[in-house]
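**Student:** sequence and predicted model, in that order:
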Amino acid sequence: MTNTELPTVNGTSVFVPSPATPYQGDIARYWNAEARPVNLRLGDVDGLYHHHYGIGAVDHAALGDVEDSEYEKKLITELHRLESAQAEVLLDHLGAIGSEDTLVDAGCGRGGSSVMAHQRFGCKVEGVTLSSTQAEFGNRRAKELGIDDHVHAQVCNMLDTPFEKGSIAGSWNNESSMYVDLDDLFAEHARFLKVGGRYVTITGCWNPKYGQPSKWVSQINAHFECNIHSRREYLRAMADNRLVPQAVVDLTPDTLPYWELRATSSLVTGIEEAFIESYRDGSFQYVLIAADRV
Ligand SMILES: C[S@@+](CC[C@H](N)C(=O)[O-])C[C@H]1O[C@@H](n2cnc3c(N)ncnc32)[C@H](O)[C@@H]1O
Ligand SMILES: CC(C)=CCC/C(C)=C/COP(=O)(O)OP(=O)(O)O
Ligand SMILES: [Mg+2]
């Protein structure tokens, strides 16, 4: 990968890898420009900034009365609680991680999951994203929290990382695997993971039983400029890359309440209907897959 010197950021000159493909350049630009209130206002609740969706039952008691002047604020707090609950479930599947271990957050976004992983395990977390804006945001948050010696983000293609072969105890993709070829992705995780290391993904995938990607799935692809894979592709690509699934969990029923609540909020982005309809018609599924590197 070639490096290009960029102008200075906060007085320090930074090197950002050139995108490996024109598509990756588009994705870097997309996330550099992203500033949707549905992500920033939720992150402002407690300083954990996520770019993934939520799971679990809505706490209607916490929401209170719709007529209450504080209702919208409570709704935002509730959506954020469900998104953090999703990350907790992902971390639950990493298994026993020690404080001396290093984890890789592949497609780390603004770094919310990386921070949560460090807070839970005391370990180092290396995040990679195509977006320099996101990497800077994540590193700034880590510094503010005083954990920048443990949590670090860099601009890097997750298909071609600098991590040494067999050096990583656990790694994950939290809603970031729909931007890459799965064979290339799992080959790279299998390369840097230790034998016995754990890989986890939470992702949306199309259901082979439906036949082909539904119109809703195509709408989600167009909305995010991504390429949602089928469930079968995940399992095949893992089998081909020394990743043996230990748990496959259908989170679709658990994520629907999040979407139904989000559809009632002032922060809607227009994609809510596609998620709700595709989860309901069975063409799309929200799944967690945890696999061991053998
Ligand atoms: C929907 S966001 C998910 C962010 C994060 N995992 C979270 O849960 O908050 C998708 C992320 O994937 C990253 N991404 C997409 N393709 C990538 C690639 N080839 N290498 C590294 N990051 C990539 C984007 O830069 C973005 O940070
Ligand atoms: C499950 C699937 C198919 C996910 C696609 C990847 C994606 C864009 C996730 C959420 O990001 P975000 O939090 O920035 O999106 P939004 O602005 O809609 O909350
Ligand atoms: Mg979001």
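**Tutor:** That came through fine. Residues are numbered from 1 along each chain as shown. Ligands and ions are numbered 1, 2, ... in the order given.
**Student:** could you list the residues of the chain in contact with ligand 1?
**Tutor:** The chain comes close to ligand 1 at residues 24, 27, 31, 50-52, 107-109, 112-113, 128-131, 134, 157-159, 174-176, 179-180, as judged by CB under 6 Å from any ligand atom. Where you see a C-beta, it was placed from the backbone N, CA and C, and this is true even at glycine.
**Student:** near ligand 2, list only the ones from those.
**Tutor:** The subset of the residues of the chain next to ligand 1 lying close to ligand 2, counting by CB under 6 Å from any ligand atom, consists of H51, H52, E175.
**Student:** what about the nearest residue to the second one once chain neighbours are set aside, how many residues nearby?
**Tutor:** Spatial nearest neighbour of H52, chain neighbours left out: E175 (4.3 Å); criterion: CB to CB, 6 or more residues apart in numbering. Neighbour count for E175, taken as other CB atoms under 10 Å: 22.
**Student:** ramachandran coordinates for the residue in the stretch 51-200 of the chain that ligand 2 sits nearest to?
**Tutor:** When scored by CB to the nearest ligand atom, the stretch 51-200 of the chain has H51 as its residue closest to ligand 2, at 3.7 Å. Dihedral angles of H51 (phi, psi; degrees, to the nearest 10) stand at phi -130, psi 60.
**Student:** from what I see, it and G109 are in contact.
**Tutor:** Yes. Counting by CB atoms under 8 Å, H51 sits close enough to G109 to count as a contact (3.9 Å).
**Student:** if you count what's nearby, which of these two comes out ahead?
**Tutor:** Taking other CB under 10 Å, H51 and G109 do not tie; G109 has more neighbours (26 against 23).
**Student:** can I assume that one sits in a strand?
**Tutor:** No. Secondary structure assignment (DSSP: H, G, I helix; E, B strand; the rest coil) places G109 in coil, not in a strand.
**Student:** residues contacting it?
**Tutor:** Counting by CB atoms under 8 Å, 6 or more residues apart in numbering, G109 makes contact with W31, Y49, H50, H51, H52, T129, Q134, G138, N174, S176.
**Student:** also G122?
**Tutor:** Shown in contact with G122 (CB under 8 Å, 6+ apart): G98, S99, H150.
**Student:** what bridges to the residue nearest the centre of the chain?
**Tutor:** Against the mean C-alpha coordinate of the chain, by CA atoms, centre = their mean, the closest residue is N174 at 2.7 Å. Residues in a beta bridge with N174, per DSSP bridges, are I202.
**Student:** quick one on the thing from earlier: keep only those of the residues of the chain next to ligand 1 that are in helices.
**Tutor:** Of those, the ones assigned to helices by DSSP state H are Q24, I27, W31, G112, S113, Q134.
**Student:** would you turn those residues into TSV with pLDDT and distance to A239?
**Tutor:** Shown next, in TSV, are those (pLDDT from 0 to 100; distance: CB to CB, whole Å):
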residue	pLDDT	distance to A239
Q24	98	26
I27	98	27
W31	98	30
G112	98	31
S113	98	26
Q134	98	31
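**Student:** which of those sit farthest apart?
**Tutor:** Largest separation among these by CB to CB: Q24 and G112, giving 22.3 Å.
**Student:** higher neighbour count, these two?
**Tutor:** A direct count of neighbours by other CB under 10 Å for Q24 and G112 places G112 higher, at 27 against 17.
**Student:** that one touches G43, doesn't it?
**Tutor:** Yes. With contact defined as CB under 8 Å, G112 reaches G43; the gap is 6.9 Å.
**Student:** overlap of the contact sets of these two?
**Tutor:** Common neighbours of G112 and G43 (CB under 8 Å, 6+ apart) are Y49, H50.
**Student:** filter the residues of the chain next to ligand 1 down to the buried ones, ChimeraX style.
**Tutor:** For the buried members of the residues of the chain next to ligand 1, the matching ChimeraX selection, counting by 16 or more other CB atoms under 10 Å, is:
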select :24,27,31,50,51,52,107,108,109,112,113,128,129,130,131,134,157,158,159,174,175,176,179,180
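**Student:** for the stretch 151-294 of the chain, what spans make up the strands?
**Tutor:** Ranges of strands in the stretch 151-294 of the chain, per DSSP state E, counting those that start in this stretch, are 151-155, 168-174, 193-206, 243-250, 284-293.
**Student:** comparing those, which comes out most buried?
**Tutor:** Of all the strands of the stretch 151-294 of the chain, strand 168-174 carries the top mean neighbour count, a mean of 26, counting by mean count of other CB atoms under 10 Å.
**Student:** what is the orientation angle of that one with strand 284-293?
**Tutor:** 170 degrees (axes from the mean of the first three to the mean of the last three CA atoms, to 10 degrees).
**Student:** avg pLDDT for strand 168-174?
**Tutor:** Throughout strand 168-174, pLDDT has a mean value of 99.
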